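In: Dropping the sequence and predicted coords here.
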Amino acid sequence: MYCDKYNEELFSFIKNSPTQYHAVANMARSLSNGGFVELREHDSWFIKPHSKYFATRNGSSIIAFLTGDNCPWESGIKLVGAHTDSPCLKVKPTPEIQSHEMVRLGVEVYGGALLNSWFDRGLNLAGRVTVLVTDEDNDKDNIVNISGVGEYGKEFIRTLLVNYDTAVATIPSLAIHLDREANTKRVLNPQIDMPPLFTIYSHSHLEDLENGSIQQESNDFIREPDSFSNSSTSKSFRLMLLEQVIKENSNINIKELLDFDMSFSDAQPPFFTGVNQDIISAPRLDNLLSCHVALKSILRVYSDNASVDFTSTQGGFAPPCMVVCTDHEEVGSDTAAGAKGSFFNSVLSRLIPDTEQRVRSAARSFMISLDNAHAVHPAHSELYDSSHTPVLNQGPVLKTNSSQRYASDCESAALFRYICKRADIPMQTFVMRSDMPCGSTIGPIISSSTGIKTVDAGAPTLAMHSIREITGSADPFMLFQVINHFFSMESLPLLSLI
Ligand code: CO
């Protein structure tokens with residue numbers, strides 16, 4: 001697989017994953033196509049050697065693993081971690097804000113979004129909804145993203161993905177003439193400034209209003225302005241959303257929309273820029289870039305040797321490999337689907353039920369926790385430690401922090417350096433300036449709850465948490481080559497793990 005082809009697939013993954021729910025559904029689909037068997041948390045699990053499995057939680061976190069031929073308590077497990085969520089604007093339950101013949105949608109800011117970057121862009125709307133369905137017409141085998149079903153008679157609550165997949169809103173800047181200090185003193189208030197403009201009443205509609213010939217259509221979002229101030233307002237967005245859900249799921253008998261989790265994202269797909277097209281501009285590179293690297297790498301573990309007999313007990317297989325991609329990293333990970341939740345430890349304890357064997361396995365395992373790293377900004381190198389200034393297109397970045405905001409230590413960093421060297425990929429290092437606080441990621445969380453030796457690393461990135469982030473055109477593929485090499489290693493030469 002070459003760099004151009006890799007980036008093409010990455011771009012497609014990012015474009016088709018406007019939310020963590022879509023990312024997990026797309027990863028689940030790729031894994032299923034790659035021969036991985038889905039294990040549902042509420043079923044009994046019968047794990048076989050030399051097999052491929054995956055499980056999801058909440059439709060927003062996913063763990064995939066290859067059981068290999070060795071006992072994990074003898075070989076350890078090779079893990080790669082990442083997070084599925086990205087900063088965004090989440091639509092409020094009753095979102096309509098009406099003023100001057102315009103409707104905006106109230107939003108909450110999810111994660112540490114760089115709000116300036118959200119203005120004057122085409123915004124897509126996507127997420128998941130819960131709908132009431134009757135069971136006759138439902139294709140239960142085709143439920144990829146269902147995260148819970150309640151039964152009452154013949155009614156079910158079903159979770160469905162929704163994606164307008166086009167620009168449906170925009171957040172207009174205030175003109176410079178009305179805010180002369182915008183370039184020096186602009187302060188944004190999320191409650192006031194961030195609700196995206198969603199619609200304007202049409203002229204013909206206003207004329208109808210004036211002529212007194214208006215008649216409300218129950219499923220039409222454009223309504224008599226006054227209607228937004230009465231109790232029917234909350235139905236407007238929901239009705240419009242229901243219409244979209246029905247359009248995207250015409251095979252399902254939907255009775256009612258019950259709830260939604262919708263968020264705005266950049267409608268513009270990823271693209272190359274730079275005179276040599278050596279820069280990638282894309283939404284959600286943090287951390288879909290890493291999810292994609294992890295996914296592509298685990299899909300390739302056996303695929304280079306498709307004729308291998310998986311039932312053989314002979315050697316030649318790598319130790320078990322696992323990919324852990326969790327939700328809610330951008331808001332602290334302390335949720336059922338987040339890295340601080342029980343998902344990972346629950347999967348691990350079902351994979352290795354015996355406590356003694358599980359603890360021994362963890363003590364022999366190694367995780368590369370992937371999350372993007374700060375590349376040096378060309379206009380602001382003073383904000384970086386001058387000896388630790390990662391540059392785009394010059395290899396993955398090893399991240400360290402003495403306060404353990406990153407899990408890397410002298411041993412895990414050594415192994416990461418070794419793997420990069422063996423993969424023939426250059427690598428860089430990042431540590432924050434000593435007078436600035438350091439961010440964190442899922443590496444320390446999983447490492448602290450399991451004891452698994454972990455290194456934090458990631459692709460160099462500019463504009464982190466902007467609506468569009470920037471990396472080098474060679475960076476995703478270089479990181480993939482490192483992880484691909486890691487997964488192909490038959491043993492890890494770190495003596496403290498052996
Ligand atoms: Co991140």
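Out: Nice, I can see it.

In: use CA for all of it now, contacts and neighbours both
Out: OK.

In: can you list the weak-confidence ranges in the stretch 201-350 of the chain?
Out: Flagging of the stretch 201-350 of the chain using pLDDT under 70 yields the residue ranges 202-235, 303-318.

In: Tell me the residues of it that contact the ion?
Out: residue 286 (Cα under 5 Å from the ion).

In: can you list the residues that contact stretch 90-102?
Out: For stretch 90-102, contacts defined as Cα atoms under 8 Å, 6 or more residues apart in numbering pick out 103-110, 197-201, 225, 228, 233-234, 236-237, 260-264.

In: Would you mind measuring from the residue nearest the centre of the chain to residue 104?
Out: The chain has residue 84 as the residue nearest its centroid, 2.2 Å off, counting by Cα atoms, centre = their mean. Distance, residue 84 to residue 104, by Cα to Cα, to the nearest Å: 28 Å.

In: And residue 348, by the same measure?
Out: In this view, residue 348 and residue 104 are 45 Å apart by Cα to Cα.

In: can you count the residues close to residue 411?
Out: For residue 411, the neighbour count with other Cα atoms under 10 Å is 16.

In: Could you report the neighbour count for whichever residue of the stretch 51-200 of the chain sits closest to the ion?
Out: Evaluated by Cα to the ion, the stretch 51-200 of the chain has residue 83 as its residue closest to the ion, separated by 6.6 Å. Neighbour count for residue 83, taken as other Cα under 10 Å: 30.

In: Test my guess that it contacts residue 287.
Out: Yes. With contact defined as Cα atoms under 8 Å, residue 83 and residue 287 form a contacting pair (5.9 Å).

In: Show me the common contact partners of the two, please.
Out: Counting by Cα under 8 Å, 6+ apart, the contacts common to residue 83 and residue 287 are residue 371.

In: does residue 27 count as helix, strand or coil?
Out: Using DSSP: H, G, I helix; E, B strand; the rest coil as the criterion, the local structure at residue 27 reads helix.

In: element containing residue 82?
Out: strand 78-83 (DSSP states H and E).

In: For residue 348 and residue 104, work out which one has more neighbours and name it.
Out: Between residue 348 and residue 104, residue 104 has the larger neighbour count (other Cα under 10 Å), namely 20 against 16.

In: Would you mind measuring from residue 38 to the ion?
Out: 26 Å (Cα to the ion, to the nearest Å).

In: swap that for residue 340, sorry
Out: In terms of Cα to the ion, residue 340 sits 15 Å off from the ion.

In: Helices of this structure, start to end?
Out: In the chain, the helices defined using DSSP state H lie at 3-15, 20-33, 72-75, 182-185, 190-193, 203-211, 233-248, 285-299, 343-351, 355-364, 410-423, 442-450, 475-488.

In: looking at these, which is buried most?
Out: Stretch with highest mean neighbour count among these: helix 285-299 (a mean of 26; mean count of other Cα atoms under 10 Å).

In: Can you tell me what sits against it?
Out: Outside helix 285-299, the residues that touch it by Cα under 8 Å, 6+ apart are 10, 13-14, 23, 27, 31, 34, 65, 80-86, 321-323, 325, 370-372, 458-459, 464-465, 468-471, 476-477, 479-480, 483-484, 487.

In: again, only using 7 Å
Out: Residues outside helix 285-299 that contact it (Cα atoms under 7 Å, 6 or more residues apart in numbering) are 10, 14, 27, 31, 34, 80, 82-84, 86, 323, 325, 370-372, 469, 476, 479-480, 483-484.

In: Run a quick check on residue 200 versus residue 169, I expect a contact.
Out: No. The criterion here is Cα atoms under 7 Å, and residue 200 misses it with residue 169 at 10.7 Å.

In: Give me the more crowded residue out of those two.
Out: Between residue 200 and residue 169, counting by other Cα under 10 Å, residue 169 is the more crowded of the two (23 against 14).

In: Might one say that the more buried one is in contact with residue 194?
Out: No. With contact defined as Cα under 7 Å, residue 169 does not count as touching residue 194 (11.4 Å).

In: Restrict the contacts of stretch 90-102 to the buried ones and give me that as a PyMOL selection.
Out: In PyMOL syntax, the buried subset of the contacts of stretch 90-102 is picked out as below (16 or more other Cα atoms under 10 Å):
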select buried, resi 103+104+105+106+107+109+110+197+198+199+201+225+228+233+234+236+237+260+261+262+263+264
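
In: taking the contacts of stretch 90-102 one by one, which sit in strands?
Out: Those of the contacts of stretch 90-102 mapping onto strands are 103-110, 197-200, 260-264, per DSSP state E.

In: what are the ranges of the strands in the stretch 301-450 of the chain?
Out: In the stretch 301-450 of the chain, the segments counted as strands under DSSP state E, counting those that start in this stretch are 321-326, 366-370, 373-374, 397-399, 428-430.

In: circling back: what does the strand holding residue 82 contact?
Out: Strand 78-83 is contacted from outside by 287, 290-291, 294, 320-327, 329, 365-371, 487, using Cα under 7 Å, 6+ apart.

In: what lines up beside that strand in the sheet?
Out: strand 321-326 (parallel), strand 366-370 (parallel) (DSSP bridges).

In: Identify whichever of these lies nearest to residue 160.
Out: Closest to residue 160 of these is strand 321-326 (Cα to Cα; 19.6 Å).

In: contact partners of that closest one?
Out: Here strand 321-326 makes contact (Cα under 7 Å, 6+ apart) with 60-67, 77-84, 291, 294, 337-339, 487.

In: about what we covered before: could I get the strands paired with strand 78-83 in CSV, plus columns for mean neighbour count?
Out: Formatted as CSV, those follow (neighbours: other Cα atoms under 10 Å):
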stretch, mean neighbour count
strand 321-326, 28
strand 366-370, 28
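
In: These into JSON lines, with extra columns for distance to residue 398?
Out: Listed next are those as JSON lines, based on distance: least, Cα to Cα, whole Å:
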{"stretch": "strand 321-326", "distance to residue 398": "19"}
{"stretch": "strand 366-370", "distance to residue 398": "10"}
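
In: mind listing what the residue nearest to residue 197 when sequence neighbours are not counted touches?
Out: Using Cα to Cα, 6 or more residues apart in numbering and skipping the chain neighbours, the partner closest in space to residue 197 is residue 104 (4.3 Å). Residue 104 sits next to 96, 97, 98, 195, 196, 197, 198 when contact means Cα under 7 Å, 6+ apart.

In: Which among those residues count as buried?
Out: 96, 97, 98, 195, 196, 197, 198.

In: For the fourth one, report the pLDDT, please.
Out: So that's residue 195. As predicted, residue 195 sits at a pLDDT of 98.

In: That one and residue 103 touch, don't they?
Out: No. Here residue 195 does not reach residue 103: they are 9.4 Å apart, not a contact under Cα under 7 Å.

In: shared neighbours of those two, anything?
Out: Shared contacts of residue 195 and residue 103 (Cα under 7 Å, 6+ apart): none.

In: neighbours of residue 276, just the number please.
Out: 8.

In: Next up, the contacts around it.
Out: Here residue 276 is in contact with no residues (criterion: Cα under 7 Å, 6+ apart).

In: gap between it and the ion?
Out: Residue 276 is 27 Å from the ion, where distance means Cα to the ion.

In: Residue 410 now?
Out: Per Cα to the ion, residue 410 is found 23 Å from the ion.
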